[in-house]
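Enquirer: Structure of the sequence below:
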Amino acid sequence: MSTYLIEQISQTPNITILPHTQVREACGGNSLEAVVIQREGQAPEKHPARALFVFIGAKPSTEWICDLAICDPKGYLLTGRDLVADPRYPTAWRQAREPYLLETCVPGLFAAGDGRAGAMARVASAVGEGSMAIKFVHQYLDE
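Expert: Numbering: from 1, shown residues only. Got it, this is the predicted structure:
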């Protein structure tokens, strides 16, 4: 999470941060009216609420693929030009062509969204990258 955003949130009096808390239930009719939350080791509690923002963290869940594809030190998949700039690239990439924009070091394996190094970490960007990846998949299959 960006430092400026952490600062802004911590200085906003009507925002409460509840780490290690699970949302058990969202209550309301046509809109959110309350949430039932449970903090570690405590009983569930119902609180009035008009909005709920869930922040699940800023660490990519790429552990399962980092042995196959090249990831940066934080675990983000390297693709395209970022991959080419990495010192491991010459030994990992065995194709005559350079990787496509969203292609990992495994030919035909593409990454889009928050798990990709350099991604904007926004839903709209991830959707756009996913659409772009389809174009590259077609190019790869035409080879």
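Enquirer: Distance of the closest residue to V106 other than its chain neighbours relative to R97?
Expert: Of all residues beyond its chain neighbours, the one nearest V106 is A69 (5.4 Å), with distances taken as CB to CB, 6 or more residues apart in numbering. The C-beta positions use only the backbone N, C-alpha and C, and glycine is treated the same way. Distance, A69 to R97, by CB to CB, to the nearest Å: 17 Å.
Enquirer: So between those two, which is more surrounded?
Expert: Neighbour count, other CB atoms under 10 Å: between A69 and R97, A69 has more, with 18 against 11.
Enquirer: so the residue nearest to the spatial centre of the chain is in which element?
Expert: The chain has D114 as the residue nearest its centroid, 2.8 Å off, counting by CA atoms, centre = their mean. Using DSSP states H and E, D114 sits within no helix or strand.
Enquirer: correct me, but it touches A126?
Expert: Yes - D114 is within contact range of A126, at 6.3 Å (criterion: CB atoms under 8 Å).
Enquirer: Show the average pLDDT along stretch 28-46.
Expert: Stretch 28-46 shows a mean pLDDT of 94.
Enquirer: got the buried residues for the helix ranked longest in the chain?
Expert: Longest helix of the chain, by residue count under DSSP state H: helix 123-142. Across helix 123-142, burial judged by 16 or more other CB atoms under 10 Å covers A126, E129, A133, F136, V137, Y140.
Enquirer: In a helix, G75, correct?
Expert: No - counting by DSSP: H, G, I helix; E, B strand; the rest coil, G75 falls outside a helix, being coil.
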